[in-house]
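A.B. asks: model this:
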Amino acid sequence: MILLDLLLSLLALVGVAAIVLGLMLARPLKPPPPLASVLDGAFEIDADGLPELMRFQARDGTWLAYRRYPSANGSAGRIALLAHGSAGASAQMNAVARGLANAGIDAVAIDFRGHGASGTRGDVAYAGQLDDDLADLIEELRRRGPAAKLAFVGHSSGGGYGLSVAAGPLGQEFERFVLLAPYLGYRAPTNRPSQGAGSWAAADVPRIIAISILKGFGIDWPQSLPTVAFAVGPGAKKFVTDQYTFRLMTSYAAPDDWEAAFRGAKAPVAVIAGESDELMDAPAYRRVLPPLGVRVTLLPGLGHMALCSRPEAIKAIVAALNA
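C.D. replies: Here you go, the predicted structure:
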């Protein structure tokens, strides 16, 4: 009888847990209101000279998009791979790419899977797929220029992902990394927490917790649910990626242990940020990163998106790549 009571109690607890997790998963994802500073900054990016999209075939058969900017001097000895920020695409890096090309560095601006013209917007098929895609693109570029030296330039979430690349197996493919106001995670001291009208992203925390719990039990299907929405405004969905699924959110990001990632980077890492960044605590980069061997440059008067458009930012990026 006691055993039966224990079994019934256990089943009741499992049932309650299932209901709670179900409610957590069902909670609707609500986007934050449009963030004018980011949207205005995106509109300031010069679209002149934007090249047509090119495509390469990833190992799963999907054709992924990128833009190629040949160096002005015709040299193909160095190639910089450019990673856009969250919700963005390759066009976001147009001004940076043109600046690098004018400085004699080939540039390749990528529509990472889940963004722009690459794959299903806001999603990937599995954790680690972005790394596989990047490896496939590197192989494609190596076929054209086997001796070319590679560098990685990433903005915001693209910078956080760049740190993940730097510390991972693909890090050895690059001679250096330049991270532009990298998002290092909500726990990092470089993140500037904000809510309401000042927030760029809204995360569905209960859903994230539920998905993480189920992931521990080998239940993966909830990872296809959206867990973070961006402040892109109504009507923007057809132009940008307005939300990420759990598996894209955790893929296009910095490692949880960002300090260990900086220490374990396979190539030198430099960080550039604007002193007036409204999303990141720019002075915190200078406090916490130099002890990890990272060179930090802060640019006066520049906000978060200005790093992708202003001449002084592009000049700093070129200098970091040539350091």
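
A.B. asks: got the residue ranges for the helices in this protein?
C.D. replies: With DSSP state H as the criterion, the chain has helices at 2-26, 36-43, 94-102, 129-144, 157-167, 205-216, 246-251, 258-263, 282-288, 311-322.

A.B. asks: So which of the ones you listed is nearest residue 123?
C.D. replies: helix 246-251 (5.5 Å; CB to CB). Yep, even glycine has a C-beta here, placed from its N, CA and C like the rest.

A.B. asks: residues in contact with the closest one?
C.D. replies: Here helix 246-251 makes contact (CB atoms under 8 Å, 6 or more residues apart in numbering) with 114, 122-130, 161, 203, 207-208, 211, 222-228.

A.B. asks: What subset of these is buried?
C.D. replies: 114, 122-125, 129-130, 161, 207-208, 211, 222-223, 225-228 (16 or more other CB atoms under 10 Å).

A.B. asks: quick one: terminal-to-terminal distance for stretch 118-137?
C.D. replies: For stretch 118-137, the first-to-last residue distance is 13 Å (CA to CA, to the nearest Å).

A.B. asks: hmm, back to that, which of the contacts of helix 246-251 fall in strands?
C.D. replies: Members of the contacts of helix 246-251 lying in strands (criterion: DSSP state E): 203, 226, 227, 228.

A.B. asks: And those residues, which is closest to residue 60?
C.D. replies: For the ones in strands among the contacts of helix 246-251, the minimum distance to residue 60 (CB to CB) is 21.6 Å, reached by residue 226.

A.B. asks: List the residues that contact the closest one.
C.D. replies: Neighbour list for residue 226: 29, 122, 204, 243, 244, 245, 246 [criterion: CB under 8 Å, 6+ apart].

A.B. asks: May I ask which two of these are separated the most?
C.D. replies: Largest separation among these by CB to CB: 122 and 204, giving 13.5 Å.

A.B. asks: neighbours around residue 217, how many?
C.D. replies: Look at residue 217: counted by other CB atoms under 10 Å, it has 7 neighbours.

A.B. asks: Kindly tell me how buried residue 99 is, as a neighbour count.
C.D. replies: Using other CB under 10 Å, residue 99 has 21 neighbouring residues.

A.B. asks: out of the contacts of residue 226, who has the most neighbours?
C.D. replies: residue 244 leads the contacts of residue 226 on contacts (other CB under 10 Å) with 29 neighbours.

A.B. asks: Relative to residue 140, how far out is residue 52?
C.D. replies: 17 Å (CB to CB, to the nearest Å).

A.B. asks: try residue 125
C.D. replies: 20 Å.

A.B. asks: repeat for residue 62
C.D. replies: In terms of CB to CB, residue 62 sits 13 Å off from residue 140.

A.B. asks: So residue 52 and residue 140 - more neighbours on which side?
C.D. replies: Counting neighbours by other CB under 10 Å for residue 52 and for residue 140 shows that residue 140 has the greater number, 17 against 7.

A.B. asks: Tell me the predicted confidence for residue 265.
C.D. replies: pLDDT for residue 265: 98.

A.B. asks: Got the phi and psi for it?
C.D. replies: phi -60, psi 140 (degrees, to the nearest 10).

A.B. asks: So what's the residue count around it?
C.D. replies: Neighbour tally, residue 265, other CB under 10 Å: 22.

A.B. asks: let's have the chain start at 189 instead
C.D. replies: I'll keep to 189 as the first residue from here, and by that count the last item is residue 453.

A.B. asks: and the nearest residue to it once chain neighbours are set aside, how many residues sit next to it?
C.D. replies: Leaving aside its chain neighbours, residue 453 sits nearest to residue 354 (4.0 Å; criterion: CB to CB, 6 or more residues apart in numbering). Neighbours of residue 354 under the rule other CB under 10 Å: 26.

A.B. asks: got it, and residue 225?
C.D. replies: 18.

A.B. asks: which parts of stretch 496-509 are buried?
C.D. replies: So, applying 16+ other CB under 10 Å, buried residues of stretch 496-509: 496, 497, 498, 501, 502, 504, 505, 506, 508, 509.

A.B. asks: And the contacts of that stretch?
C.D. replies: Residues from elsewhere that reach stretch 496-509, judged by CB under 8 Å, 6+ apart: 229, 232-234, 266, 268, 273, 280-281, 283-284, 287-288, 291, 293, 339, 341, 343, 364, 366, 368, 458, 460, 462, 483, 485, 487, 490, 494-495.

A.B. asks: Just the mean pLDDT for it, thanks.
C.D. replies: For stretch 496-509, mean pLDDT is 98.
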